[in-house]
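> Generate a structure from the sequence data that follows.
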Amino acid sequence: MLKDYVINPEKTQTSVSIARFDKGEASKIFEEVEQEGKKIVFRNDTPVCILLSPQKYEDLMELMSDLLIEEEVEKRLENPMPTTSFEEILAQEGMTLEDLDALPEAVFGVDFE
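Numbers count the residues shown, from 1 in each chain. Next up is the predicted model:
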């Protein structure tokens, strides 16, 4: 399980003791993070932080964004909101698509052709 992976430094090569930072090995540790993607920093056999490469961080943020979007889609599918078609909106205003086609271009200010 992930909990075992994070808590037991002997289960992974990606762990590092905080004592290495105290020994001035930060540059070496950061190089290892660049190569491996991550390091779990331990103090007294307890994880205190996780160092991630910029690419690994971006990958995680993209995954989180995708999951949040998926969650929102699922919510909307479970509880669909009422929709109104463009034609219905025109009808509410007493217009049709033909009425729009008949309007001069100046009304929109854009030539759509």
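> Quick one: end-to-end distance for stretch 16-26.
11 Å (CA to CA, to the nearest Å).
> Just the mean pLDDT for that stretch, thanks.
For stretch 16-26, mean pLDDT is 91.
> let's number from 19 now, not from 1
Happy to do that; since the first residue is 19 now, the last one works out to stretch 34-44.
> Can you tell me what sits against it?
27, 46-47, 50, 57-61, 66, 69 (CB atoms under 8 Å, 6 or more residues apart in numbering). From N, CA and C alone the C-beta is placed, and that goes for glycine too.
> Can you report how many residues neighbour Leu69?
Close neighbours of Leu69, defined as other CB atoms under 10 Å, add up to 18.
> before we move on, back to that, quick one: which of the contacts of stretch 34-44 sit in strands?
Judged by DSSP state E, the subset of the contacts of stretch 34-44 located in strands is 57-61, 66, 69.
> OK, contacts around the spatially most central residue of the chain?
Nearest to the geometric centre of the chain sits Ser83, at 2.3 Å (CA atoms, centre = their mean). Residues near Ser83 by CB under 8 Å, 6+ apart: none.
> tell me which element it falls in.
helix 72-96 (DSSP states H and E).
> Which of the residues in that helix are classified as buried?
Judged by neighbour count using 16 or more other CB atoms under 10 Å, the buried positions of helix 72-96 are Lys74.
> average pLDDT across that helix?
Mean pLDDT, helix 72-96: 93.
> what's the answer for stretch 103-114, then?
The average pLDDT within stretch 103-114 is 91.
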